[in-house]
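Prediction below, plus the sequence it came from.
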Amino acid sequence: MADDPVEGFAGLGLRAELLRALTVLGYEEPTPIQREAIPPLVAGHDLVGQAATGTGKTAAFALPVLQVLTGGREDGGPQALVLVPTRELAEQVSQAVHRYGRELGVRVLPVYGGQPIGRQLQALRRGVDVVVGTPGRVLDHIERETLRLGDVRTVVLDEADEMLDMGFAEDIEAILAETPAERQTVLFSATMPPRIDSIARRHLRDPVRITMGRKAVSPDELPLVRQSAYLVARAHRTAALGRILDVEAPTAAIVFCRTREEVDQVTEALNGRGYRAEALHGGMSQDQRDRVMGRLRAGSTELLVATDVAARGLDVEQLTHVINFNVPAAPEAYVHRIGRVGRAGREGCAITLAEPREQRMLKAIERLTGQRITLEKLPTVTDLRARRLELTRAALQSSLETDDLERYRVVLDSLTGEFDVEDIALAAVRLLHEAAGGDADEKEIPSPAPVPDADRSQRGARGKARATESGVTRLFFGIGRQAGVRPQDLVGAIAGESGISAREIGAIQITDRFSLVEVPASAADAIILAMRRSTIRGRRPTVRRERFTPR
């Protein structure tokens with residue numbers, strides 16, 4: 001390593017204030033995406049970058065944005081605009097820009113739904129240099145004429161594929177139309193489907209193209225992530241999770257759930273089982289999330305239960321296990337999750353709980369990764385008891401090797417006159433085992449029933465019953481075309497408020513007065529609860545299950 005901790009960054013042509021900020025933050029060497037992206041961006045080129053979460057892409061675009069900021073401006077609109085798909089990412093990017101630009105006195109403002117708009121209006125009136133926002137709220141400010149983009153020099157589209165999946169394509173087009181034609185445009189996306197390339201062709205001028213993975217991994221390193229799955233019925237999933245954790249005994253683990261409510265339920269269940277589990281989701285303030293992460297990194301918490309959005313960008317050094325409480329809706333999400341373990345030569349485990357009907361989704365993941373996910377048999381009560389006895393033995397061995405036991409000899413001496421030493425040792429082992437919950441009552445978790453392969457000639461006539469069997473239900477939203485509702489409004493509201501992925505939302509039907517949206521049946525109640533606290537097009541509609549959907 002070089003003597004100067006930011007020598008690598010200095011070679012990228014960054015201004016002194018940014019280099020000092022990087023030194024304070026402890027940055028040593030640029031990541032591959034930073035090394036490739038910063039020089040062309042500093043030189044003013046447009047750029048298309050394919051990069052996953054965790055590769056350092058935020059600094060890759062934030063540092064060049066700060067490089068060209070003009071200080072001392074009292075009026076005018078922002079000089080840079082960063083569009084992101086979620087409020088969680090808006091907060092994270094905004095905080096990163098603030099940290100990097102501290103010496104420059106940069107004024108950065110995150111704008112997103114679910115936050116009082118009054119505070120945003122006050123900040124915009126005072127003047128800001130960088131706006132980081134979700135497309136819906138940014139467009140809302142443009143329509144209110146509270147955000148003017150005529151001075152924008154750089155526009156960044158971060159996680160562009162996710163924004164399109166959430167239905168923000170039209171909003172992005174409308175926002176870009178408000179910015180100067182001679183602006184610099186930067187687009188980052190984890191995947192590059194044709195529609196992303198179409199945006200790049202329309203809005204970027206002769207862009208530099210960069211493709212980066214999370215980290216270059218040699219074939220020898222791939223087996224360090226042990227990938228397995230357990231087939232379990234939905235009703236027994238929480239019990240199965242506890243059983244697996246008991247057997248695996250992770251040092252630190254993240255359990256991924258689909259919704260905030262599921263996060264809270266799983267966290268409560270795990271704490272009831274004796275684990276030190278913490279929840280992390282979009283319903284928590286940034287201070288709460290920071291405290292949770294601090295406890296996990298300090299070792300006072302061993303399990304983090306989180307949604308994808310809340311866990312985006314997290315990097316926990318001592319993480320040993322990633323557990324999917326549900327099969328991720330998109331194979332790419334699975335890849336992003338398991339990339340958090342097995343780093344730097346350390347062994348990691350990726351475990352997925354799946355219903356029998358979800359085996360095809362596991363196959364899709366295997367095709368993407370080129371790696372096999374081993375189907376394991378759920379540990380039995382006998383397996384669990386054997387594991388707990390092994391943990392008791394290991395605890396005793398550790399105590400014998402490291403502890404000062406002499407002060408307990410008086411207890412042993414007082415008993416040896418009446419009892420055999422071996423019997424005394426066995427009694428002590430039993431007390432230790434019971435104190436650790438070793439003899440807690442456990443019931444066998446039944447194997448899930450196989451999914452029958454229905455006769456193809458009968459499938460077409462099943463209509464809504466087929467949708468119910470496949471785990472999909474329809475929700476009624478009491479708002480429709482007369483209120484100006486578009487599919488992207490519904491997708492953005494549902495994904496943003498409930499925490500489920502936009503990819504999990506199915507067909508959408510919009511009529512004049514109401515809308516019907518297909519969602520995973522397992523998430524329907526959580527979505528209904530989340531939507532009661534949110535608005536669509538400025539209105540708070542009735543949301544319920546479609547009355548004629550079979551149960």
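That came through, no problem.

Give me the secondary structure label for Val132.
strand (DSSP: H, G, I helix; E, B strand; the rest coil).

So it is in contact with Arg107, correct?
No - here Val132 lies out of contact with Arg107, judged by Cβ atoms under 8 Å, at a distance of 11.7 Å. The way it works is simple: take the backbone N, C-alpha and C, and place the C-beta from them, glycine included.

With neighbour numbers in mind, choose between these two.
Taking other Cβ atoms under 10 Å, Val132 and Arg107 do not tie; Val132 has more neighbours (30 against 18).

tell me the domain boundaries of this structure?
For the chain, automatic domain parsing gives the domain ranges 7-211, 222-379, 382-400+410-435, 462-545.

Quick one, which of those domains gets closest to Lys443.
domain 222-379 (8.0 Å; Cβ to Cβ).

Skip ahead from the biggest helix by length in the chain and say which helix or strand is next.
When the chain is parsed with DSSP state H, its longest helix is helix 381-402. Following helix 381-402 in sequence order, the next helix or strand is helix 409-416 (DSSP states H and E).

Contacts for that next one, please.
If you take Cβ atoms under 8 Å, 6 or more residues apart in numbering as the criterion, helix 409-416 is touched by Val421, Ile424.

can you do 7 Å?
Here helix 409-416 makes contact (Cβ atoms under 7 Å, 6 or more residues apart in numbering) with Ile424.

Could you check the angle the helix or strand following that helix makes with helix 381-402?
The helix or strand immediately downstream of helix 409-416 is helix 421-435, counting by DSSP H and E. Helix 421-435 and helix 381-402 are oriented at 120 degrees to each other (axes from the mean of the first three to the mean of the last three Cα atoms, to 10 degrees).

Report the distance from helix 421-435 to the chain centre.
Averaging C-alpha coordinates over helix 421-435 and over its chain gives two centres that are 44 Å apart (Cα atoms, centre = their mean, to the nearest Å).

do the same with stretch 286-293
With Cα atoms, centre = their mean, you get 15 Å for stretch 286-293.

Going by neighbour count, list what's buried in it.
Of the residues in stretch 286-293, those with enough neighbours to count as buried (16 or more other Cβ atoms under 10 Å) are Arg289, Val292, Met293.

and what of stretch 288-308?
Arg289, Val292, Met293, Leu296, Thr301, Glu302, Leu303, Leu304, Val305, Ala306, Thr307, Asp308.

and the gap between the most centrally placed residue in the chain and Glu504?
With distances taken as Cα atoms, centre = their mean, Asp308 lies nearest the centre of the chain, 2.2 Å away. Note on Asp308: its distance to Glu504, by Cβ to Cβ, to the nearest Å, is 11 Å.

now do Glu422
The value you get for Glu422 to Glu504, if Cβ to Cβ is used, is 58 Å.

Compare these two and say which one has the larger neighbour count.
Neighbours per residue (other Cβ under 10 Å) separate Glu422 from Glu504, with Glu504 holding more: 20 against 8.

Would you quantify the distance from the more buried one to Val130?
32 Å.

re the thing from before, mind giving me the packing neighbours of the longest helix of the chain?
For helix 381-402, the contact count by 3 or more Cβ pairs under 7 Å, 6 or more residues apart in numbering; DSSP states H and E identifies helix 237-248, helix 421-435 as packing neighbours.

quick one: that helix to helix 237-248, angle?
40 degrees.

pLDDT on helix 381-402, on average?
Taken as a whole, helix 381-402 has an average pLDDT of 78.

repeat for stretch 83-90
86.

quick one: terminal-to-terminal distance for it?
This stretch, stretch 83-90, spans 8 Å end to end (Cα to Cα, to the nearest Å).

Equivalent analysis for stretch 146-165, please.
27 Å.

Show me which residues of that stretch are buried.
147, 149, 151-165.

cool, and stretch 184-199?
Gln184, Thr185, Val186, Leu187, Phe188, Ser189, Ala190, Met192, Ile196, Ile199.

partners of the residue nearest to the first one when sequence neighbours are not counted in the sheet?
Same thing as Gln184. In space, and not counting its chain neighbours, Gln184 is closest to Thr154: 4.5 Å by Cβ to Cβ, 6 or more residues apart in numbering. Under the criterion DSSP bridges, Thr154 forms beta bridges with Ala80, Gln184.

now Thr154: how far from Pro39?
15 Å.

Kindly report the same for Leu149.
26 Å.

Quickly find the element holding Ala322.
Residue 322: Val, not Ala. Short version, using DSSP H and E: Val322 is in strand 321-324.

quick one: contacts of that strand?
241, 248, 250, 253-256, 337-338, 340-341, 348-353.

So which of the residues you listed sit within helices?
Per DSSP H, the subset of the contacts of strand 321-324 in helices is Leu241, Glu248, Arg337, Ile338.

ok, and the helix or strand in this protein with the lowest average confidence?
Using mean pLDDT, DSSP states H and E, the weakest-scoring helix or strand in the chain turns out to be helix 456-459, at a mean of 33.

if we look at the helix or strand harbouring Arg201, which residues are touching it?
Secondary structure assignment for Arg201, by DSSP H and E: helix 194-203. Residues from elsewhere that reach helix 194-203, judged by Cβ under 7 Å, 6+ apart: Val48, Ala160, Asp161, Leu164, Leu176, Thr185, Leu187, Ser189, Pro207.
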